[in-house]
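**Student:** mind folding the following:
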Amino acid sequence: MPPSKFDLDIEAIRKLAKLLDETGLSEIEYAEGDRKIRCVGARAAVQVAAPAAIAASPVAAASAAAAPVVNGTAVPSPMVGTVYMAASPGSPAFVKVGDRVKQGDTLLIIEAMKVMNPIKSPKAGTITQIMVEDTHPVEFGETLVVIE
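**Tutor:** The predicted structure is shown next:
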């Protein structure tokens, strides 16, 4: 027997993805009867399941709606970890909006598995946006800073 189909509630998925962003949760699940919607990760990969069939493909509609506007070169996170904007607590941040940087300058540090990984500037320019907060987690590919 072919798997049963059901209508996706795109608005419910968007609301769950927005709730993930607002609360900083890593995942959220909502069930109603025999239907279940589960959003996972900071960029809200969404899984929808019905009792007889599991929809295996993620739905990215929520992340497209919440994508920030980036003008310049986005510097993506090369790993999952925790962001540190300074070398140590109480030290000045490596960079702030408006700072001029050279290629190879340290922009921030990402701690992953107890290893401090300096994230270097891929080019010279001016920091126009800082998209992450000190001591907060980041996901692979998440935009850290924008350089123009």
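
**Student:** buried stuff in the helix ranked longest in the chain?
**Tutor:** If you go by DSSP state H, the chain has its longest helix at helix 10-23. The neighbour-count check on helix 10-23 (16 or more other C-beta atoms under 10 Å) flags 13, 14, 15, 16, 17, 20 as buried. The way it works is simple: take the backbone N, C-alpha and C, and place the C-beta from them, glycine included.

**Student:** would you turn these into TSV with distance to residue 124 and pLDDT?
**Tutor:** TSV is the format used below for these (distance: C-beta to C-beta, whole Å; pLDDT from 0 to 100):
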residue	distance to residue 124	pLDDT
13	41	76
14	39	80
15	42	80
16	41	76
17	36	76
20	35	72
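
**Student:** can you get me the start-to-end distance on stretch 27-38?
**Tutor:** One end of stretch 27-38 to the other measures 7 Å (C-alpha to C-alpha, to the nearest Å).

**Student:** what does stretch 108-116 give?
**Tutor:** 10 Å.

**Student:** pLDDT below threshold where in this structure?
**Tutor:** Applying pLDDT under 70 to the chain flags residues 1-8, 24-25, 40-70.
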